[in-house]
Structure formats: structure tokens, C-alpha cells
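# got a structure for you, letters missing:
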């Protein structure tokens, strides 16, 4: 058995409007335990930072189809982690939650979106307490049973789930013109031109055993036949998209023109358009319109994945629309969290890559993001191809 070492975690969790809380956990850490615990704590630290400005009336915010009330979403993150890592039993039954009535408040598959603003939600302080208590319980369970593969699976699921909600909080701040709590730095695209791909038989999807965790919609690797094509080395930039807009195309929703120059709203601030950054907040239909104007097309997700390993292929600035419908791979079997993929097959489009707001542990070429084609509130852009 691998040698163990004693360590102390100290994670400052600053709760808006309350005194800072320092979490201290002593544990014997095996290598597996260390990786699981570190990821959980990193994810929670990011959640706390990205939601730091969500106080007062922002805890509920306006009732919109494309966002959740932040106070509800914070509780949902805790509920999901508790449901899969602490409450689930081998016989499929659930233990009681440590929060009375949690299922009626936070089960996203049972609580209709439009009702979430009217629920009797706990206060922000009580919600943060729920988050901390659940996380403490999960860390303690991982400490007790670090070699439990089933537990490790659900801990990773809960970690990735929280990572995705942290990004959702981030784009909610953009949607509602709140400040950028993460103070991210944008990346300029220096790559130009196309990468030629010869086509042929390629492998698409996750190969078993190559990743500690993949989602059910990535399973499993299978062959696809591709014709030769050329694909942009980088996503379409603001400057390239501006030429399309000047030719009569629709401007992205956070652009405006002042005194002859384009401005873009980044969170709560308007700034001059940076021409060599990837265009963002463009929906699938707008991406298709640009492609038609440019005499190009969107890549399929198989083309995107095949090209992603090519030298000079730049990705990670924005989620990238593909031409592909979100459909199951051959032999698809839903994982225990059945609501993650299966309900959305056939109604959503696939995006590939990652955005500047995506934690790097989620950024892999096989990861399939998916949204309805009208969505541009997320950090999404696109690249083009031909052939």
C-alpha cells in the first residue's frame, strides 16, 4: 500500500457579509485521497471567489430563462455533492439530508426553473454553512475510505459539477453586468490561417482507462470516416467578425458602436473592441451566418476532435460551436446521474474545447459541451473550416 503522509488543509472561505471562515482539516492522505481532496477544495475556492459579489438583491436577481437565482444555485451545488457523495446507498435509496427539505428545494430535475425564485430558500449564511458542512463530510469520508473506487467516481462527478456551476456563475455575472470577481485575463489569438487534415478513419470519444473520469456522453471511443478538410488554427476573432458586421451581419449582443468604433461590454465595463481576441457571445445561428458570408462552414465535432491534436491548433479561449447535433455515441449507456446527458439528446448543439473560465481539469479534447443553438450568454465562439 502506498506510504501515507500527514497534511493540513487550510482553505479561507470568505463569505460576503460575514466574518471570514477558515476551514482546517487534518487527515492522513494517500495519493488518491490527496488528488480528490485537492480538486474538491480548489473547486470550492473558485465557487466562493466567483460568487463574492452576489449579495443583497443579487442573491435572486432578475427572473430570466438563461440564469438561475444565485442563492438557489449555491444550495444546489451543496445538494448535488451531498446527494451523490454522502446520501446515496448501495441499494439505490437515499439517506436523509442534513438540511431539512433539501430535496424539495434543490433537486434540479424535479424543481421547475421558473419556480426557483419563489422558494423558501435558506439565507446566504445558512447556505454557506450547508456548503461547508457537506464538503467537510465528503472530505472525511474520502479520508476514511481512500481506495473506494465508487466513492472516487462520485467525488469527481461532484467536483466537475461544481466546476461547471462556477463557470455558470461567471457568465451570469456577464449577463447581468456584474463585476468580474475572477478578474480573468483575456488571451489574444496570434495563430492565423488553416491547418490541413488529410481525412480518413479517426477515433472519436474517450478511450477507456486514459482519464480518471469522463461523462457518459463521451463513452466510448469509436471510429469515424472524415473527408479531407482545412480548419482554422484558432477561433474567429473580434476583428474578423467585425468585418462581417460591417458588411451587414448581426453584431454580438454585447457590442455597440460609439464615435465610429466598436465597444464591447465585459462584465460591468465597456471597453474598446480588442480585434485579435476570440469573438465571444455568438450563438450557433450567428456563427452559421458568418460562415455563409465567409464561404466556410462550422466543423463537425469529429473534425474538431481529430484536428485538436494537430500542431498549431489553438483552443481554450471560448467554447466552440460545431455543426453537430448532441446525440449519443454508439452503445450509449447512461451513467448513474441520468439527467446529465440523455434528456438533451437531439435538442442541443455540441460545443467543443473550453473557455477562459473553464477549470483546466475539464479541458480535454473529448469533452462535449451542449447548449440550444439560441444561447450566446455562455462564453462561446467558433472556428471555421472548408472541404
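In hand now; what should we look at? If you're wondering where the values come from, they're calculated on a predicted model, not measured in any experiment.

# Leaving out sequence neighbours, find the closest residue to residue 130.
residue 78 (4.7 Å; C-beta to C-beta, 6 or more residues apart in numbering). Using the backbone N, CA and C atoms, a C-beta is placed for each residue, glycine as well.

# Surely the one you found is in contact with residue 126?
No: assessed by C-beta atoms under 8 Å, residue 78 is found out of contact with residue 126, at 10.6 Å.

# Would you mind giving the secondary structure of residue 317?
coil (DSSP: H, G, I helix; E, B strand; the rest coil).

# wait, doesn't it sit right on residue 189?
Yes: if you go by C-beta under 8 Å, residue 317 and residue 189 touch, sitting 6.8 Å apart.

# and residue 78 and residue 126? which has more neighbours close in?
residue 78 (27 against 12; other C-beta atoms under 10 Å).

# Where does the more buried one sit, in terms of helix or strand?
Using DSSP states H and E, residue 78 sits within helix 70-82.

# Show residues contacting that helix.
47, 51, 54, 58-61, 68, 97-99, 102-103, 105-108, 116-117, 119, 121-122, 124, 127-128, 130-131, 134-135, 137-138, 158, 161-162, 165, 168-169, 172 (C-beta atoms under 8 Å, 6 or more residues apart in numbering).

# which stretches of the stretch 1-150 of the chain have low pLDDT?
Within the stretch 1-150 of the chain, the ranges that satisfy pLDDT under 70 run 1-31.

# what about the strands in it?
Counting by DSSP state E, counting those that start in this stretch, the stretch 1-150 of the chain has strands at residues 5-13, 21-29.

# so what sits against both of residue 317 and residue 189?
234, 235, 277, 278.

# Could you pull up the contacting residues of the third one?
Spelled out, that is residue 277. Counted by C-beta under 8 Å, 6+ apart, residue 277 has contacts 186, 187, 188, 189, 237, 238, 317.

# ok, back up a step: quick one: which of the shared contacts of residue 317 and residue 189 is most hemmed in?
So for the shared contacts of residue 317 and residue 189 (other C-beta under 10 Å), the most neighbours sit at residue 278, 30 neighbours.

# Quick check, it in contact with residue 240.
No: using C-beta under 8 Å, residue 278 makes no contact with residue 240, being 9.7 Å away.

# How much space separates residue 243 from residue 294?
Applying C-beta to C-beta, to the nearest Å, the value for residue 243 to residue 294 is 9 Å.

# whoops, residue 63 was the one
Applying C-beta to C-beta to residue 63 and residue 294 gives a distance of 38 Å.

# These two: who's more crowded?
More neighbours surround residue 294 than the other of residue 63 and residue 294, with 15 against 12 (other C-beta under 10 Å).

# Go ahead and confirm that one touches residue 241.
No: between residue 294 and residue 241 there is no contact under C-beta under 8 Å: 9.9 Å.

# What is the neighbour count of the closest residue in space to residue 220 that isn't next to it in sequence?
Nearest residue to residue 220 in three dimensions, chain neighbours excluded: residue 205, at 5.6 Å (C-beta to C-beta, 6+ apart). For residue 205, the neighbour count with other C-beta under 10 Å is 21.

# Just give the strands next to the helix or strand containing residue 263 in its sheet, each with its orientation.
Using DSSP H and E, residue 263 falls within strand 261-266. Strand pairing for strand 261-266, using DSSP bridges, gives strand 255-258 (antiparallel), strand 269-272 (antiparallel).

# following the last one, which helix or strand shows up next?
Scanning the chain past strand 269-272 towards its C-terminal end, the next helix or strand to appear is helix 284-294 (assignment: DSSP H and E).

# ok, residues contacting the helix or strand just after that following helix?
Later in the chain than helix 284-294, the nearest helix or strand by DSSP H and E is helix 301-307. Contacts of helix 301-307 with the rest of the structure, by C-beta under 8 Å, 6+ apart, involve 195, 197, 202, 204, 224, 226, 229, 231, 299, 313, 320, 322-324, 350, 352-353, 365-366, 368, 385.

# buried subset of those?
Neighbour-count burial (16 or more other C-beta atoms under 10 Å) applied to those gives 195, 197, 202, 204, 224, 226, 229, 231, 299, 313, 320, 322-324, 350, 352-353, 365-366, 368, 385.

# contacting residues for the closest residue to residue 347 other than its chain neighbours?
Of all residues beyond its chain neighbours, the one nearest residue 347 is residue 372 (6.6 Å), with distances taken as C-beta to C-beta, 6+ apart. Contacts for residue 372 (C-beta under 8 Å, 6+ apart) come out as 347, 348, 349.

# likewise residue 218?
205, 206, 329, 366, 367, 368.

# Look up how far residue 332 lies from residue 278.
Distance of residue 278 to residue 332, computed by C-beta to C-beta: 31 Å.

# Quick check: phi and psi at residue 381.
Residue 381 adopts backbone torsions of phi -140, psi -150, taken as degrees, to the nearest 10.

# Touching, residue 69 and residue 116? I think so.
Yes: between residue 69 and residue 116 there is a contact under C-beta under 8 Å: 5.4 Å.

# picking up where we left off before, return the distance of the helix holding residue 78 from the chain's centre.
Relative to the centre of its chain, helix 70-82 is centred 15 Å away, using C-alpha atoms, centre = their mean, to the nearest Å.

# and what of stretch 316-330?
13 Å.

# end to end, how far does that stretch reach?
27 Å (C-alpha to C-alpha, to the nearest Å).
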